[in-house]
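Chemist: Predicted structure and sequence below. I'll ask about it afterward.
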Amino acid sequence: MAFKRFRSFCEENGLQILPSKAEDIAVYFVKLSEETKGAAAVLQARSAIRHYNIMKFSNKVSPTDDPQVGMIVDSVERLWRKPVSKKLPTTVDIVKKIVRKFLGKDYLRSKGNFVISI
């Protein structure tokens, strides 16, 4: 599916499909990331295009390995990456609340294996 999509893009724009040119792949990746609003489709397309180029021209380096294409892929991943949301650290009070909620005071005190003072 990913390579068919690339083939359609090349046919619509009069570009050579195989061997692919790094410049055409870079433009395609930017267009694809804007259409899909994510990096997953670009990563899948890179893999598919690389596969077909290597299968057809095994003695050549794949244009997806070009440094310019790599920079486009990196920027697409950075652009669509979700921000990290850090959680607050777990405190003793939070642990006590969890224990009380799920186990209760009576359960903890009835077990002779351990002692927890809450």
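Modeler: Okay, I see it.

Chemist: Can you read off the pLDDT for Leu108?
Modeler: The model reports Leu108 with a pLDDT of 54.

Chemist: chain center to the helix ranked longest in the chain, what's the gap?
Modeler: Secondary structure of the chain per DSSP state H: the longest helix is helix 40-56. Helix 40-56 sits 15 Å away from the centroid of its parent chain (Cα atoms, centre = their mean, to the nearest Å).

Chemist: Repeat that for stretch 6-16.
Modeler: 26 Å.

Chemist: Any buried residues in it, and which?
Modeler: Using 16 or more other Cβ atoms under 10 Å as the test for burial, stretch 6-16 gives 6-7, 9-10, 15. (Glycine included, C-beta is placed from N, CA and C.)

Chemist: Spatially central residue in this protein, please.
Modeler: When Cα atoms, centre = their mean is applied to the chain, the residue found nearest the centroid is Ala40 (5.5 Å).

Chemist: Restricting to C-alpha, output the host helix or strand of Ser8 in CSV.
Modeler: Per DSSP states H and E, Ser8 falls inside helix 2-13. What follows is helix 2-13, C-alpha atoms only, in CSV (Å, rounded to 0.1, in the frame of the first residue of the first chain):
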residue,chain,number,x,y,z
ALA,A,2,2.8,2.5,0.9
PHE,A,3,4.6,1.9,-2.3
LYS,A,4,1.4,2.1,-4.4
ARG,A,5,0.8,5.5,-2.9
PHE,A,6,4.3,6.6,-3.8
ARG,A,7,3.9,5.2,-7.3
SER,A,8,0.7,7.3,-7.7
PHE,A,9,2.4,10.4,-6.5
CYS,A,10,5.2,9.9,-9.0
GLU,A,11,2.8,9.2,-11.9
GLU,A,12,0.7,12.3,-11.0
ASN,A,13,3.8,14.5,-11.0
